[in-house]
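A.B. asks: Would you be able to build a 3D model of this:
(one chain, ligands or ions: 2)
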Amino acid sequence: MLKTLPEYEVLAEQAHGHLCAGQILGLRMALHGVQLLGLEDPAGADRKRLVTFVEIDRCATDAIPIVTGCRLGKRALKFRDFGKVAATFCDLRDQRAVRLVARETAKQRAREMFPEIASKNQQQMCAYRRLPDDELFDTQWVRVAIGPEDLPGYKAPRVICAQCGEGINFKREVMRDGRALCRACAGERYYEPL
Ligand SMILES: [Zn+2]
Ligand SMILES: [Zn+2]
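C.D. replies: Residues are numbered from 1 along each chain as shown. Ligands and ions are numbered 1, 2, ... in the order given. Got it, this is the predicted structure:
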């Protein structure tokens, strides 16, 4: 069952190392997302229904799995590095998805609500607990095509890269001139061997 925001804040603080405005925003975003989808127990009974895409590697992203139960290591959390405080919550059962993005005006609203609080973080924490969902987030219903190889539980044989010899899972190999290559050997390497 869904917990209250204060209950989630305790869990988020433990997981993230501190409580901050980004955590509260992430918790609110995840709560709103699962509620729009009608999921009552995302981390429990409904856990196989949900996949979440996150678009930034910052505080808010750490808070989202606290509510959704979606974790990277379970393949239910997908990271798309768009640098936006945004997330898309996908209900696999009902084939519905909703994308929420933090509104640019949320910080300004926090200043207006709590001008007496000097610390920006404290000011935003107070505001992000209280502002209604539609002042915190823009919401759009979207379609997300998730291939079978991207779903939790997908099973397929591992492929060995014809160049480096490393094993590749989940159909991430790339065919070049009839050879199966890993993405690094196919040109997407983010590191240079020394
Ligand atoms: Zn933080
Ligand atoms: Zn390779």
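A.B. asks: what phi and what psi does the backbone show at A63?
C.D. replies: phi -80, psi -30 (degrees, to the nearest 10).
A.B. asks: how many neighbours does it have?
C.D. replies: Neighbours of A63 under the rule other CB atoms under 10 Å: 28. Placement of C-beta: from N, CA and C, glycine included.
A.B. asks: For the residue nearest to it when sequence neighbours are not counted, report the pLDDT, please.
C.D. replies: Closest residue to A63 apart from its sequence neighbours, by CB to CB, 6 or more residues apart in numbering: G26 at 3.0 Å. For G26, the pLDDT comes out at 98.
A.B. asks: what is the spatially most central residue of the chain paired to in the beta sheet?
C.D. replies: The centre of the chain sits closest to V54, judged by CA atoms, centre = their mean, with a distance of 3.1 Å. Beta-bridge partners recorded for V54 (DSSP bridges): F79, A87.
A.B. asks: Distance check, it against I66.
C.D. replies: 13 Å (CB to CB, to the nearest Å).
A.B. asks: Kindly export stretch 71-86 (C-alpha atoms) in PDB.
C.D. replies: Output in PDB follows, covering the C-alpha atoms of stretch 71-86 (Å, rounded to 0.1, in the frame of the first residue of the first chain):
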ATOM      1  CA  ARG A  71      15.300  -0.400  -9.400                       C
ATOM      2  CA  LEU A  72      18.000  -0.300 -12.000                       C
ATOM      3  CA  GLY A  73      19.200  -3.800 -11.100                       C
ATOM      4  CA  LYS A  74      15.700  -5.200 -11.600                       C
ATOM      5  CA  ARG A  75      15.500  -3.600 -15.100                       C
ATOM      6  CA  ALA A  76      12.400  -1.600 -14.000                       C
ATOM      7  CA  LEU A  77      14.300   1.700 -13.800                       C
ATOM      8  CA  LYS A  78      15.500   3.200 -17.100                       C
ATOM      9  CA  PHE A  79      17.900   6.100 -17.300                       C
ATOM     10  CA  ARG A  80      17.700   8.500 -20.200                       C
ATOM     11  CA  ASP A  81      20.200  11.300 -19.700                       C
ATOM     12  CA  PHE A  82      18.200  14.300 -20.900                       C
ATOM     13  CA  GLY A  83      19.200  16.500 -17.900                       C
ATOM     14  CA  LYS A  84      15.500  17.100 -17.000                       C
ATOM     15  CA  VAL A  85      13.800  16.700 -13.700                       C
ATOM     16  CA  ALA A  86      11.300  14.400 -15.300                       C
END
